[in-house]
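S.K.: could you look at this predicted model? Sequence included:
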Amino acid sequence: MVSKKPRRPKGRHTRSSPATAGSRTKTLFRQGLALHDQNKLPEAERLYRRVLELDPRHLDARNNLGNVRRDLGDTTGAIACYQDVIAIDPNYALAHFNLGNVRRSEGKLEDAATCFRRTIEIRPTFAAACNNLGVCLQDLGRLEDAVPWLYRAVAADPRYTLAHLNLGNALRDRGKLDDAAACYRRAIEIDPRYMDARCNLGSLLRTQGRLEDSLACYTAARKISPNYALIHFGIAETLRRQGKLEAALTVFDRAIELDPDNADIHNNKGNALRLLERIDEAQACYRKAMEIDLNHPDARLNYAIEQPFTPDDPNFTRLQAQFEHPATDTDKRIKLIFALARGYDVGGHYKDAMTYFARGNTLMAEQFDFDRHAYRAMIRKVRDLFPERRRLAHADGNPGRQTPVFLLGLSRSGKTLAESLLKQEPRVFGGGERHFFVDTLHDMRQERGIEEAFPECVPRFDDVMIAELGDRYMAAIGKLSDAPFLLNTIPGHYLHLGLVFQALPTARVIYCRREPLDQCLRIYFKLYARENIHAYTFENIVAHHDGYHALMG
């Protein structure tokens, strides 16, 4: 998502001051303006100073001199110029506005907000000041206060695209996604080449789960601006959400080619690599992001997930500061808790580590409802349906048929290591986590009007249908490779294993196990994606562990 930013228009007057006397002063000031517009800053500064020698109360020249000093990196000199203008004329709006921009660039957001408020008191329809005040309040985490000012900015200037963008960002952050999308679309309507608005709309559609619409939005933008890095970044992120990780990596690489110093792109490419279990490459991406931006919060956190910072590392202190910052949202706060917990653990501070692990797991458990009783009941149903591993006679191990292999095991059981070793065998195709079996089961239910879900639907499947299930699975996964052994690592296949053995008589299962106490503790110490909703209390972890092994035997 494109970051919100304030508007900093020229912020300078283009007319001679009413107090200016003499054609010589007017001429010098106009020449200074012309040089300023050409970005010839030292030359413009020389002429503004000459004007001030002739007329020390020439407020426009002093204000513009402040802008030159600001653009040359001299914030102290710029502030002095603006303050001198205000001392002479407290109602000179542009000096307050420009001072607010400098204060914001220094991170002094409350001071900046005060400057923008004063600007608006003097010029109530100053759209840029309303926008910048709204952005300051957003940065301060005061979204409720920010939104009215951003609405006021677009009311003052309905074609002010940046204000529409920032209003959309604020509404998005308040969860008003449809209203935010309308703001982005309005900005695009005003300026079809406004790529920031197109990228933010694509990102919002992705957030809403409308992945195809998101891709369509980015694709339309790419036709207009094929070399805009953030468009490729957005496409890669959407492909990553679709699970098309290899395709996403190709597009990430294109985005990096176009914008090699964008830390966000390197960080998110690392996320895709981590999903592919290419951890060393992912860590390299996170390190690159931190090289570009030492304070990049996500890269540092993502790096710490795999390789924790110990409490004596400055990065650990930065993580802690980020955790304690009031503007840090809940999701990121949880990730930070687990990163800090692992850092304490690696550093030997075990009591502190357990305190943080407990806090993180408590917050995660509050977001999910894992019903242990319902889970146990489901396990009993599955066991009753498949009291023994009955194999159908329709496929008898034809030597020309590829062999499906299912690699199963609870999290932290060594399954990833086993997969990496198997994939080194040339006859094995590592298919990763493929949902073909469950998806085919769902499709067949829909085709036959079977409303019951798994496992209740199983009695409705006769031998012919089960054979078809197996054939369709093999047709789907067989398209990926002609290798003799086709490996699938979906964790949830343990629930369907009885049906797998019936539908795929030649199937082979590799089952990874670990010492139970060690396994359960390692699950508790890991922050998972949302599908592992059992992982955040010891009671739920044990219930899931026992149910899993009850089926696997």
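M.R.: Nice, thanks for sending it over.

S.K.: contacts and neighbour counts: CA atoms only from here.
M.R.: Fine.

S.K.: residues contacting the lengthiest strand in the chain, please?
M.R.: When the chain is parsed with DSSP state E, its longest strand is strand 403-409. Counting contacts by C-alpha atoms under 8 Å, 6 or more residues apart in numbering, the residues outside strand 403-409 that touch it are 415, 419, 474, 484-491, 493-494, 504, 506-513.

S.K.: what's the answer for stretch 416-431, then?
M.R.: Under the contact criterion C-alpha under 8 Å, 6+ apart, stretch 416-431 has outside partners 277, 407, 477, 480, 481, 483, 484, 485, 486, 487, 488, 489.

S.K.: against residue 367, how distant is the first one?
M.R.: Put plainly, it is residue 277. To residue 367, residue 277 is 26 Å away according to C-alpha to C-alpha, to the nearest Å.

S.K.: what about the two, which has more around it?
M.R.: When neighbours are counted by other C-alpha atoms under 10 Å, residue 277 and residue 367 differ, and residue 277 comes out ahead with 14 against 10.

S.K.: residues contacting that one?
M.R.: Contacts for residue 277 were tallied using C-alpha under 8 Å, 6+ apart; they are residue 416.

S.K.: can you rerun that using 10 Å?
M.R.: With C-alpha atoms under 10 Å, 6 or more residues apart in numbering as the criterion, the residues that contact residue 277 are 271, 416, 417, 420.

S.K.: again, but for residue 135
M.R.: Contact criterion C-alpha under 10 Å, 6+ apart gives 4-7, 104, 109, 113, 129, 141-143, 146-147, 149-150, 163, 166-167, 169-170 as the residues in contact with residue 135.

S.K.: that one in helix, strand or coil?
M.R.: Secondary structure, DSSP: H, G, I helix; E, B strand; the rest coil: residue 135 is helix.

S.K.: now residue 108, what are its backbone angles?
M.R.: Dihedral pair for residue 108: phi -90, psi 80, per degrees, to the nearest 10.

S.K.: I'd like to know how far it sits from residue 146.
M.R.: Here residue 108 is placed at a distance of 17 Å from residue 146 (C-alpha to C-alpha).

S.K.: more neighbours: which of these two?
M.R.: When neighbours are counted by other C-alpha under 10 Å, residue 146 comes out ahead of the other of residue 108 and residue 146, with 25 against 14.

S.K.: assumed the more buried one was part of a helix.
M.R.: Yes. Read with three-state DSSP, residue 146 is one of the residues of a helix.

S.K.: could you report the distance from it to residue 329?
M.R.: As defined by C-alpha to C-alpha, residue 146 lies at a distance of 17 Å from residue 329.

S.K.: doesn't residue 486 belong to a strand?
M.R.: Yes. Inclusion of residue 486 in a strand is indicated when three-state DSSP is applied.

S.K.: list the contacts of it.
M.R.: When the contact criterion is C-alpha under 10 Å, 6+ apart, the partners of residue 486 are 402-406, 427-432, 474, 477-478, 480, 507-508.

S.K.: low-scoring stretches of the chain, by residue?
M.R.: In the prediction, the chain carries residues with pLDDT under 70 at positions 1-22, 388-400, 529-531.

S.K.: the strands in it, which residues?
M.R.: Read by DSSP E, the chain holds these strands, from start to end of the chain: 403-409, 428-430, 485-488, 508-512.

S.K.: out of those strands, nearest to residue 74?
M.R.: Comparing the strands of the chain against residue 74 with C-alpha to C-alpha, the closest turns out to be strand 428-430 (57.8 Å).

S.K.: partners of the closest one in the sheet?
M.R.: Strands adjacent to strand 428-430 in the sheet, as given by DSSP bridges, are strand 485-488 (parallel).

S.K.: for the partner strand, buried residues please.
M.R.: Of the residues in strand 485-488, those with enough neighbours to count as buried (16 or more other C-alpha atoms under 10 Å) are 485, 486, 487, 488.

S.K.: among the contacts of residue 277, which one has the most neighbours?
M.R.: If you count neighbours using other C-alpha under 10 Å, the busiest of those is residue 271, which has 24 neighbours.

S.K.: contact partners for that residue?
M.R.: Counting by C-alpha under 10 Å, 6+ apart, residue 271 touches 237, 240, 245, 265, 277-279, 282-283, 285-286, 299, 302-303.

S.K.: reformat those as TSV; add distance to residue 69.
M.R.: As requested, the contacts of residue 271 are exported to TSV (distance: C-alpha to C-alpha, whole Å):
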residue	distance to residue 69
237	40
240	44
245	47
265	33
277	50
278	48
279	46
282	42
283	41
285	37
286	36
299	34
302	39
303	39
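
S.K.: now those: which count as buried?
M.R.: Looking at these with 16+ other C-alpha under 10 Å, the buried ones turn out to be 237, 240, 245, 265, 279, 282, 283, 285, 286, 299, 302, 303.

S.K.: and the contacts of residue 135, which are buried?
M.R.: Buried residues within the contacts of residue 135, defined by neighbour count using 16+ other C-alpha under 10 Å: 4, 6-7, 104, 109, 113, 129, 141, 143, 146-147, 149-150, 163, 166-167, 169-170.

S.K.: give me the neighbour count for residue 224.
M.R.: The number of residues packed near residue 224 is 13, by other C-alpha under 10 Å.
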